[in-house]
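Colleague: Generate coordinates for the sequence data below:
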Amino acid sequence: MTPVELPLRDVHAPVAPPWWPPAPGWWIVGAGLLVVVVALAWWSLRRRHRRRAAERLFDEAVSSAPTLPARVAAMSELLRRAARRVDADAATRAGDDWLQLLDRGMPNAVFTDGPGALLRDGAFRADVDAEAVEALRMVARARFLEWMERRG
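Modeller: Prediction:
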C-alpha cells in the first residue's frame, strides 16, 4: 500500500469580526442600559423636586406664623398631615400618644423626652422660649421631610 497523497493547505484563521457595528445583542443591552439610566435620572429628579417642595412648604408655613405659639401650632399641623402617611389614625392621637407616634422609628425619643415635647402644650402657652421653638423646628422638619418622602 502506498500512502495516498492528499493536497493539504495551511490552516488560516478567519478574519476577526469588526468592532463596529456591534452584534444585535449588544444593541439590545445598550438600549436596556440607556432606559435604566434615563428612568433613574427621572426618578431622582422627581424625588428631589418633591423634597424641595416639602421643604418649602414647611419653611414657609412656620416662618409665616406671627408668634412663637403659632409656629408651634403650624409645626404640629404639618406633622399631623405627614403622619397620615404612616398611620391612618394619626389625626385622632393626642398628648403622649401623639408624641410616641412621632418618636416611632427614631433612635432617640426626641419628641417625648427632648425638644419635641413642646408640641404637647407649646401652642397654648404664652411664654414659649425662642430657642426651644428653634430646637423643635429642627427635629420637626427632619421628621416631616422623612414622612413626606414616603409614598402614601
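
Colleague: CA atoms for contacts and neighbours, from now on please.
Modeller: Noted.

Colleague: Tell me the first helix or strand C-terminal of the helix or strand of the chain with the lowest mean pLDDT.
Modeller: Ranked by mean pLDDT, DSSP states H and E, the weakest helix or strand in the chain is helix 95-103, scoring a mean of 91. Counting by DSSP states H and E, the element after helix 95-103 in chain order, helix or strand, is helix 130-148.

Colleague: Packing partners of that following helix?
Modeller: helix 24-63, helix 68-83 (3 or more CA pairs under 8 Å, 6 or more residues apart in numbering; DSSP states H and E).

Colleague: From the contact counts, what lies against the first one?
Modeller: Read that as helix 24-63. Counting by 3+ CA pairs under 8 Å, 6+ apart, helix 24-63 packs on helix 68-83, helix 130-148.

Colleague: Return the distance of it from the chain's centre.
Modeller: 11 Å (CA atoms, centre = their mean, to the nearest Å).

Colleague: Next: stretch 70-80.
Modeller: That offset, for stretch 70-80, works out to 22 Å (CA atoms, centre = their mean).

Colleague: Contacts for that stretch next, please.
Modeller: Identification of contacts with stretch 70-80 by CA atoms under 8 Å, 6 or more residues apart in numbering yields 58, 61-63, 65, 90-91, 118-119, 122-123, 133, 137, 140, 143-144.

Colleague: Try it again at 7 Å.
Modeller: By CA atoms under 7 Å, 6 or more residues apart in numbering, the residues outside stretch 70-80 that reach it are 61-62, 65, 90-91, 119, 122-123, 133, 140, 144.

Colleague: Out of those residues, which comes closest to Arg9?
Modeller: Nearest to Arg9 out of the contacts of stretch 70-80 is Phe144 (CA to CA; 80.0 Å).
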